[in-house]
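[1] Generate coordinates for the sequence data below:
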Amino acid sequence: MADNINEMFAEDASRIQGDVYYIQRDTGRVSALIKKETLPEGMGHNFTTPVVQRSNRTGGSGWVEVQAPDGSDNNCVPTPGTTTSAIDLLSWTASKRVEKSDTICLDDAWAAYDFGEQVMRKREEFVNTIVDLWEDRDKDRFSYYAGHKIVFNASLTEGSSTTMPATAATYQINQALLDSIRSRAIHDGAGREPYAMKNGAPLLPLILSDEAQRTLLLNDASIRNDFNFAMMGKGSEGSKILQRWGVDTGYGGYLHIIDTKMPRWNFTGGAWVEVPFYTTAAATIGTKQVLNPDYLNADYEDAFVWHPDVVHRMVPKTRTTVGADTSFGGFDYNGTVKWTNIPDLNNNPLQNQGQWFAQLYAAYKPIKVQYGYVIRFKRCPNVIGSACPAYA
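    Coordinates of the predicted model:
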């Protein structure tokens, strides 16, 4: 346990009034969508996935006309072509992290104002931190393994399979860009196992922020007309153009899935620099996370063309023994929050101090990486307004 325990509870010495209030967090969507599997035991921590690719054809006489059976040629045995198999071997590895809360001292806790509520909120916030860690990691691993990383400029510059090209985006997201990517993905087979269907055609999941979605809707006059005419006569309650779209909205061959915590970037010194969603500030007690103004003003943002089999999250089973009378604490690897109170002669001899712990362990298995797209586009964070009219 910690040798020094800083003040961490609000006390009633100064006449605190009212409830214990709680600042909520926004949440992402990728962790809910990513496929989860069990990591097999006894397989080490470095892995390889074989992915059978489309076979190649070589040689042979091709299509030949059948001849009359009156000569020396035999129609029964034309020269065959050879179809050769192709397999990609994709390497991946496991990684883990452990998180702990600050130490709670029993004597400090029960003396604090509305201590039960404060402790409950502390646990909720620790749980939410673990949720954020998974969300950030899942986004990062999809971005890493997605086979196409495209900067939205005049030439649609594309990087390597693991690296975004070091060139700035110049255009905002628009439907023409998405149409070209959808056509490319469908030609490559991404629609053969559709995530969703509409009117007999596959809908590719598009994960994007509500801001990017609104840019798609309002900056393109043809899309506005589509919705205006399609919803004509439905009034303000039925018209899509007057609403925020939901996660189940299909348009232009895509299923729009809104994630308000999509990665944002600046392009500094010829390199991409990610802008974190939160920054820190001093609280009355401790340090708090606050919405980062730089995130709101970042110049670039990502959108994902999602496919559920681009990458899977593989997590080991929980084990409490490996045999021979061994026993362990029973922490799982999914980040489940567990309270610990560990006796220690020097730091916790009375067992009146404890912490929450969580363990996260996962290997991300790349599979059909060619169906994943990360699109980096230009944002326009400045609001354009109009000046007040002159008064006589």
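[2] contacts and neighbour counts: CA atoms only from here.
    Noted.
[3] Residue 376 against residue 151, yeah?
    Yes: contact between residue 376 and residue 151 holds when scored by C-alpha atoms under 8 Å: they sit 4.9 Å apart.
[4] Residues that sit against both of the two, list them.
    Residues touching both residue 376 and residue 151 comprise residue 169, with contact defined as C-alpha atoms under 8 Å, 6 or more residues apart in numbering.
[5] wait, what's in contact with residue 281?
    Contacts for residue 281 were tallied using C-alpha under 8 Å, 6+ apart; they are 287, 288, 289, 290.
[6] Could you report the neighbour count for the residue lying closest to residue 306 once chain neighbours are set aside?
    Ranked by C-alpha to C-alpha, 6 or more residues apart in numbering and with sequence neighbours excluded, the top spatial neighbour of residue 306 is residue 205, at 5.2 Å. Per other C-alpha atoms under 10 Å, the neighbour tally for residue 205 reads 22.
[7] At which residues are the strands of the stretch 51-200 of the chain located?
    Taking DSSP state E, counting those that start in this stretch as the criterion, the stretch 51-200 of the chain contains strands spanning 82-100, 104-105, 148-151, 196-198.
[8] hang on, the earlier thing: contacting residues for the residue nearest to residue 306?
    Contact analysis of residue 205 by C-alpha under 8 Å, 6+ apart lists 195, 196, 254, 255, 256, 257, 305, 306, 307.
[9] After the helix or strand hosting it, which helix or strand is next?
    With elements taken from DSSP states H and E, the one containing residue 205 is strand 201-208. Scanning the chain past strand 201-208 towards its C-terminal end, the next helix or strand to appear is helix 210-218 (assignment: DSSP H and E).
[10] any idea of the mean pLDDT in that following helix?
    The average pLDDT within helix 210-218 is 89.
[11] Going by neighbour count, list what's buried in it.
    For helix 210-218, the neighbour count (16 or more other C-alpha atoms under 10 Å) marks 210, 212, 213, 215, 216, 217 as buried.
[12] Dump those into CSV; add distance to residue 36 as well.
    Supplementary listing: those in CSV, determined by distance: C-alpha to C-alpha, whole Å:
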residue, distance to residue 36
210, 26
212, 28
213, 28
215, 32
216, 31
217, 33
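[13] top helix in this structure by residue count?
    Among the segments of the chain that qualify as a helix by DSSP state H, the longest is helix 115-145.
[14] Enumerate the positions of it that are buried.
    Of the residues in helix 115-145, 115, 118-119, 121-123, 125-128, 130-136, 138-139, 141-145 count as buried by neighbour count, 16+ other C-alpha under 10 Å.
[15] partners of the strand holding residue 205 in the sheet?
    Sheet pairing here is set by DSSP bridges, and for strand 201-208 it gives strand 196-198 (antiparallel), strand 254-258 (parallel), strand 300-305 (antiparallel).
[16] So what touches the first one?
    To tie it back to what came earlier, the one meant is strand 196-198. For strand 196-198, the external contacting residues (C-alpha under 8 Å, 6+ apart) are 202, 203, 204, 205, 250, 255.
[17] so which of the buried residues of helix 210-218 comes closest to residue 342?
    Proximity of the buried residues of helix 210-218 to residue 342, judged by C-alpha to C-alpha, is greatest for residue 210, which lies at 45.5 Å.
[18] gap between that closest one and residue 262?
    Using C-alpha to C-alpha, to the nearest Å, one gets 10 Å for the distance from residue 210 to residue 262.
[19] residues touching the residue nearest the centre of the chain, list them.
    A centroid search over the chain (C-alpha atoms, centre = their mean) returns residue 139, at 2.8 Å, as the residue closest to the centre. Residue 139 makes contact with 30, 31 under the criterion C-alpha under 8 Å, 6+ apart.
[20] CA atoms only: put the strand holding residue 205 into PDB for me.
    In PDB, the C-alpha atoms belonging to strand 201-208 read as follows (Å, rounded to 0.1, in the frame of the first residue of the first chain):
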ATOM      1  CA  ALA A 201     -27.700  -4.400 -51.100                       C
ATOM      2  CA  PRO A 202     -25.100  -4.500 -48.400                       C
ATOM      3  CA  LEU A 203     -24.600  -1.600 -46.000                       C
ATOM      4  CA  LEU A 204     -21.000  -1.100 -44.900                       C
ATOM      5  CA  PRO A 205     -20.800   0.200 -41.300                       C
ATOM      6  CA  LEU A 206     -19.300   3.700 -41.200                       C
ATOM      7  CA  ILE A 207     -18.200   4.800 -37.700                       C
ATOM      8  CA  LEU A 208     -17.900   8.600 -37.600                       C
END
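[21] Determine how far the longest helix of the chain lies from the middle of the whole chain.
    A distance of 14 Å separates the centroid of the chain from that of helix 115-145, by C-alpha atoms, centre = their mean, to the nearest Å.
[22] got it, and stretch 191-200?
    A distance of 22 Å separates the centroid of the chain from that of stretch 191-200, by C-alpha atoms, centre = their mean.
[23] Quick check: end-to-end length of it?
    Termini of stretch 191-200 sit 11 Å apart (C-alpha to C-alpha).
[24] what is the mean pLDDT for it?
    For stretch 191-200, the per-residue pLDDT averages 85.
[25] ok, now stretch 312-327?
    Per-residue scores along stretch 312-327 average to 88.
[26] again with stretch 33-41
    This predicted structure assigns stretch 33-41 an average pLDDT of 93.
[27] In PDB, list the C-alpha atoms belonging to it.
    Output for stretch 33-41, consisting of C-alpha atoms alone and laid out as PDB, is shown next (Å, rounded to 0.1, in the frame of the first residue of the first chain):
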ATOM      1  CA  LEU A  33     -18.800  -3.700 -32.000                       C
ATOM      2  CA  ILE A  34     -15.500  -5.500 -31.900                       C
ATOM      3  CA  LYS A  35     -15.700  -9.300 -31.900                       C
ATOM      4  CA  LYS A  36     -14.500 -10.900 -28.700                       C
ATOM      5  CA  GLU A  37     -13.000 -14.400 -28.500                       C
ATOM      6  CA  THR A  38     -11.100 -16.500 -26.000                       C
ATOM      7  CA  LEU A  39      -7.300 -16.700 -26.400                       C
ATOM      8  CA  PRO A  40      -6.300 -20.400 -26.400                       C
ATOM      9  CA  GLU A  41      -4.100 -21.600 -23.500                       C
END
